[in-house]
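*Asks:* Take a look and give me a structure for this.
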Amino acid sequence: MRKLVLMLVAGAMISVTLNGCAETPAQKAKSLEPLMSAAGFHMHPADTPTRQNALKALTPYKMRYYVKGGSPHYWYADPDVCQCIYVGNEAAHQQFEKLKVEQNMANEQAQAAQMNQEAAEQEQMDLSFWPYDPMW
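*Replies:* Down below sits the predicted model:
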């Protein structure tokens with residue numbers, strides 16, 4: 001019985017891991033862009049032909065940086081979801097990284113709770129094979 005529960009939990013963890021790997025860059029952008037905004041990054045839309053061409057020339061869906069005035073400035077290009085570029089300073093980048101860690105922790109806790117719930121339901125279901133004993 002215990003082996004069955006452990007196998008189910010392991011299977012659920014593998015499923016969650018594989019589903020996480022199947023995330024497309026555009027799906028990842030949808031989850032990261034609210035964090036960038038909350039962290040202090042500024043969104044600049046590619047609303048002119050010149051900006052659209054410049055956006056196409058940038059590496060998409062990767063946090064990059066350049067140094068200006070001796071300090072790093074970060075940018076993230078999204079040619080598909082928002083058709084924009086996010087730009088932020090070092091403080092915004094540090095806040096963004098902190099928010100990503102917090103979001104990952106919250107997601108892991110939610111996944112663990114779901115797996116625990118599924119394991120408990122499976123264990124309850126497995127007990128149905130035993131005859132009812134009012135003294136138990």
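
*Asks:* Out of the helices and strands in this structure, which is least certain?
*Replies:* Across the helices and strands of the chain, mean pLDDT, DSSP states H and E gives its lowest value to helix 2-21, namely a mean of 49.

*Asks:* ok, longest helix in the chain?
*Replies:* If you go by DSSP state H, the chain has its longest helix at helix 90-127.

*Asks:* Pull out the buried residues from that one.
*Replies:* Buried residues in helix 90-127, counting neighbours by 16 or more other Cβ atoms under 10 Å, are found at Ala92, His93, Gln95, Phe96, Leu99, Met115, Ala119, Gln122. All C-beta spots, glycine's among them, are computed from the backbone N, C-alpha and C.

*Asks:* Now render those residues as a markdown table, adding distance to Ala46 and pLDDT.
*Replies:* Below are the buried residues of helix 90-127 laid out as a markdown table (distance: Cβ to Cβ, whole Å; pLDDT from 0 to 100):
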| residue | distance to Ala46 | pLDDT |
| --- | --- | --- |
| Ala92 | 20 | 97 |
| His93 | 21 | 97 |
| Gln95 | 25 | 97 |
| Phe96 | 21 | 96 |
| Leu99 | 25 | 94 |
| Met115 | 41 | 86 |
| Ala119 | 47 | 76 |
| Gln122 | 49 | 71 |
